[in-house]
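Enquirer: after the sequence you'll find the predicted model.
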Amino acid sequence: MRKKITMIVIIVLVIAILATSIIAISEARKMNRKTTRNHVIAITNWLTTEHSQSSDLIHDAKMLIDHHVARDIPLRVTLIRTAGEVIYDSEAEDLESHLTRPEVQKVLKTGQPAEEIRYSKTLEYDLYYYAALIVDSDIIVRIAYPLSLEDDTVRSVRTHVLLIGLISILLMGAVLAFAIQKISQPLETITESFERLAGGITATRIEESHQVYPEVRRLSASYNRMADTLEEQQASLKQKQSFLDALIGNLASPIVVIDERADVIFINERGMQTFRRFIDPVKHPYPLFLLTHDEEISERAIALISGQTQDRELVKTLTTSEGTRSYHLTLSPLHERRVAILFHDRTAEAEAALLRSDFVANVTHELRTPLTSIRGMIDTLRSGRVMSQEQADRFLQLMEVESERLERLVSDLLILSDIEQSPIKLNEDYFDLTELANEVITQLEPYASEESVTLKLSQSDRFHVSANRDRVKQLIMNLLDNGIKYNRPGGTVTLSWSAFDIRETSDDRQNLSRLTFSVEDDGVGISESDQSRIFERFYRVDRSRSQEPRGTGLGLAIVKHIALLYNGDVSVQSRLGIGTIIHASLLVPVEKQE
C-alpha cells in the first residue's frame, strides 16, 4: 500500500510541476514575443520620425544597424517603394521586387502598419517582420527581427524551469515518501494484524511511542485495545464453538438447519449417516426434500419462518439408511430466518406401544376364551338342563381342561414378566447340565407318552455351568414342550448342546463360552412364512382360532427372552413334513467335565 500511495503522489507531483513548467515557459515565450514586437515598433517609429526630419533615410538606417550590431543583435532593415522596388536592405543587395510580401500587401491595402512571422529564404531562419508606410512618401520601412534570439531566451528559461522542477520533485518526493511511510506503516501493520486475527493467529501490537503523528498514535492505541478485546472474544467463541460442535456432533439424533428456501445449510454427523448424504451443506446447500422426501416438512418450516404458523411439532415416517423409521420432529426458529429441525427417533416407542397393544389384545383374547367356556358350562349346569351324571362329568372335565389352560397361561405370563424384569443374579448357581436335562426329561415324560412321542438326550459333552438354574431349566423345558406339541405320533424329540468360542472378559475375568442348546424333532415342520414369527408372543403356527389350542403361544417367547438375558440368540431350521431344529445360545461360564 505504501509503494502505491507514494507512486500516486509522485506521479501527481510530477504532473503538477510539468504543467507549471509548461505554463511558465509559455508565458515567457509570450512575454518575450511582446517585448520583441514593442522593440521593433519603436525602431520603426524612430525611422519614420528621423526621415521626416532628415532627407537621408538610408544613412539613418545604417546608423540603426550599426547600433544593434554593436550590441550583437542581428537586426535587418529594408526600405521598399510602394511599387515593390527595394531601395535598401541591410542584409542583401539587388533583391527582387517585394511587392508580393504579405506585410507589404497589408500596408498597401490598409495604409496601417502590418506584422508577419515567416521563414526567410535569404537568411534561412524565422523572422518577425513589421512594416509601416512613411507619411507623405512612397517608401515602406520594414524591420525584420530574428526569432532565434527569442528561442534562445525561451530555451534558457525552459532549462532553468525544468531543472528547478526536477529538484523540487526529488525533494518533495523524499519528504512525501517519509510522511507516507509514517502514516502507512501502522496501517499496514493493522491490516496484517487483522488478517492474522481472521486466521486465528495472535495479532501483532503497534508501538505507540514510535509514531510521529498524534492521530496515528491514537489510532495505534485504539487498535491495540481492540486487538486485545478481539482475541479475548475469539478465544471465548472458540471455546463455545468447540463445546457446541462436540454437543451437536455427538448428538444421538439427527439435527438439520435450513434457510428460508428450505435448503439445508447444516447437518450433523448423525444426520449424514441416517439419511446417507455426506455432502457438506455449508459449501453446497441442497433442498431438505432430498433428505426427507416429504414436502410437508419443508412447507411447515417455510410457514414457521414466515410467521404463518406457530406449530413446531410433526410426526413423520421416513425412509433412512436403517429402513423405515418413525420420527418426532421439533422445529425451532433461529435468527436470520433459519430453522433447526431435530429428528427424534420414536420407532422403538411406537413399536413398544404396538407390542403393548397387541399383547393386551392377545392376553384379553386368551383369557376370555377359557373364561367364556367355563362360564358357559357353569350356567348350563345351574340351569338344570343337564339330565344325566355322564353329561355333568363331561362338563366338569371340560371345565378342568379350560382351568388348567388358564393356569398355564397365567403361569407363562408371570414367568415372562419375571424374565423381563430380571431381578435375579444370572450366574448365581453352579450345576451339572446333564443332570438338569435328565430332570426335565423325567418331568415331561408323562406328557410325551400321552402324545406318543419319545424324548431323547444326545450323547453330548458333560458340562458344569454357572448360571441361574431355574432359567436354564425353563429354557430346556419350553424347547422340549414345543417339540412334543408339534410332533406326530411315534415321533422323537432330541436334546443336545455344545460349547465353543471361549473368551476372557475384562470385568470379572471369567472364561465365557457360547453354550448352544439344540432341540430336533421329526414332526410336521414349519413353513418359511411362519419361521420368522414363531418367537413372538402368542404366535402359533396353527393360527386357526376354531381349532383346539395346543399351547399358550408364550413358550418360544420365553426361550428367546432367557437367551437375551445371557447375550445370546435363537434361530430355527425347518422343512415341512420333515422336522424342525430350534437353537438357543447363552453366553455363560462353562467347565467341561472329563
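Expert: Happy to help now that I have it. Numbering: from 1, shown residues only.
Enquirer: hey, C-alpha coordinates of stretch 166-184 in PDB?
Expert: Provided in PDB are the C-alpha atoms of stretch 166-184 (Å, rounded to 0.1, in the frame of the first residue of the first chain):
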ATOM      1  CA  LEU A 166      13.300  18.200 -11.100                       C
ATOM      2  CA  ILE A 167      15.000  19.300  -7.900                       C
ATOM      3  CA  SER A 168      11.500  20.100  -6.500                       C
ATOM      4  CA  ILE A 169      10.200  16.700  -7.500                       C
ATOM      5  CA  LEU A 170      13.200  14.900  -5.800                       C
ATOM      6  CA  LEU A 171      13.000  16.900  -2.600                       C
ATOM      7  CA  MET A 172       9.200  16.800  -2.300                       C
ATOM      8  CA  GLY A 173       9.100  13.100  -3.300                       C
ATOM      9  CA  ALA A 174      11.500  12.300  -0.500                       C
ATOM     10  CA  VAL A 175       9.600  14.300   2.000                       C
ATOM     11  CA  LEU A 176       6.300  12.800   0.900                       C
ATOM     12  CA  ALA A 177       7.700   9.300   0.900                       C
ATOM     13  CA  PHE A 178       8.900   9.800   4.500                       C
ATOM     14  CA  ALA A 179       5.500  11.200   5.500                       C
ATOM     15  CA  ILE A 180       3.500   8.500   3.800                       C
ATOM     16  CA  GLN A 181       5.700   5.800   5.300                       C
ATOM     17  CA  LYS A 182       5.000   7.200   8.800                       C
ATOM     18  CA  ILE A 183       1.200   7.000   8.000                       C
ATOM     19  CA  SER A 184       1.000   3.900   6.000                       C
END
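Enquirer: residues of it that come out buried?
Expert: Neighbour-count burial for stretch 166-184, counted by 16 or more other C-beta atoms under 10 Å, picks out 168, 169, 172, 176, 177, 180, 183, 184. Backbone N, C-alpha and C define where each C-beta goes, glycine included.
Enquirer: among the residues you listed, which ones are in helices?
Expert: 168, 169, 172, 176, 177, 180, 183, 184 (DSSP state H).
Enquirer: three-state assignment of residue 260?
Expert: coil (DSSP: H, G, I helix; E, B strand; the rest coil).
Enquirer: who's in contact with it?
Expert: Listed by C-beta atoms under 8 Å, 6 or more residues apart in numbering, the contact set of residue 260 reads 302, 305, 306, 337, 338.
Enquirer: what about 10 Å?
Expert: Going by C-beta atoms under 10 Å, 6 or more residues apart in numbering, residue 260 touches 301, 302, 305, 306, 336, 337, 338, 339.
Enquirer: can you pull out the strands in the stretch 301-450 of the chain?
Expert: 313-320, 323-334, 338-345, 429-432 (DSSP state E, counting those that start in this stretch).
Enquirer: for residue 517, find the nearest of these.
Expert: Among the strands of the stretch 301-450 of the chain, the nearest to residue 517 by C-beta to C-beta is strand 429-432 (14.6 Å).
Enquirer: about what we covered before: in JSON lines, list the strands of the stretch 301-450 of the chain along with mean pLDDT.
Expert: Converted to JSON lines, the strands of the stretch 301-450 of the chain look like this (pLDDT from 0 to 100):
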{"stretch": "strand 313-320", "mean pLDDT": "90"}
{"stretch": "strand 323-334", "mean pLDDT": "91"}
{"stretch": "strand 338-345", "mean pLDDT": "92"}
{"stretch": "strand 429-432", "mean pLDDT": "89"}
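Enquirer: got these as JSON lines, with distance to residue 534 and mean neighbour count columns?
Expert: Output for these, formatted as JSON lines (distance: least, C-beta to C-beta, whole Å; neighbours: other C-beta atoms under 10 Å):
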{"stretch": "strand 313-320", "distance to residue 534": "27", "mean neighbour count": "14"}
{"stretch": "strand 323-334", "distance to residue 534": "22", "mean neighbour count": "16"}
{"stretch": "strand 338-345", "distance to residue 534": "28", "mean neighbour count": "19"}
{"stretch": "strand 429-432", "distance to residue 534": "28", "mean neighbour count": "14"}
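Enquirer: nearest to residue 293, of the buried residues of stretch 166-184?
Expert: residue 184 (58.2 Å).
Enquirer: give me the pLDDT for the spatially most central residue of the chain.
Expert: Nearest residue to the geometric centre of the chain (C-alpha atoms, centre = their mean): residue 282, 1.5 Å. At residue 282, the model reports a pLDDT of 86.
Enquirer: in a strand, it, correct?
Expert: No - under three-state DSSP, residue 282 falls outside any strand and is assigned coil.
Enquirer: got phi/psi on it?
Expert: Per-residue torsions, residue 282: phi -60, psi -40 (degrees, to the nearest 10).
Enquirer: residue 141: which of the strands of the stretch 301-450 of the chain is closest?
Expert: strand 338-345 (98.8 Å).
Enquirer: how about the CA coordinates for that closest one, as PDB?
Expert: Taking Å, rounded to 0.1, in the frame of the first residue of the first chain, the C-alpha atoms of strand 338-345 are listed here in PDB:
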ATOM      1  CA  ARG A 338     -33.300 -20.100   9.900                       C
ATOM      2  CA  VAL A 339     -34.900 -23.100  11.400                       C
ATOM      3  CA  ALA A 340     -33.300 -26.000  13.300                       C
ATOM      4  CA  ILE A 341     -35.100 -29.400  12.900                       C
ATOM      5  CA  LEU A 342     -34.400 -32.100  15.500                       C
ATOM      6  CA  PHE A 343     -35.300 -35.700  14.400                       C
ATOM      7  CA  HIS A 344     -36.200 -37.700  17.500                       C
ATOM      8  CA  ASP A 345     -36.400 -41.400  16.600                       C
END
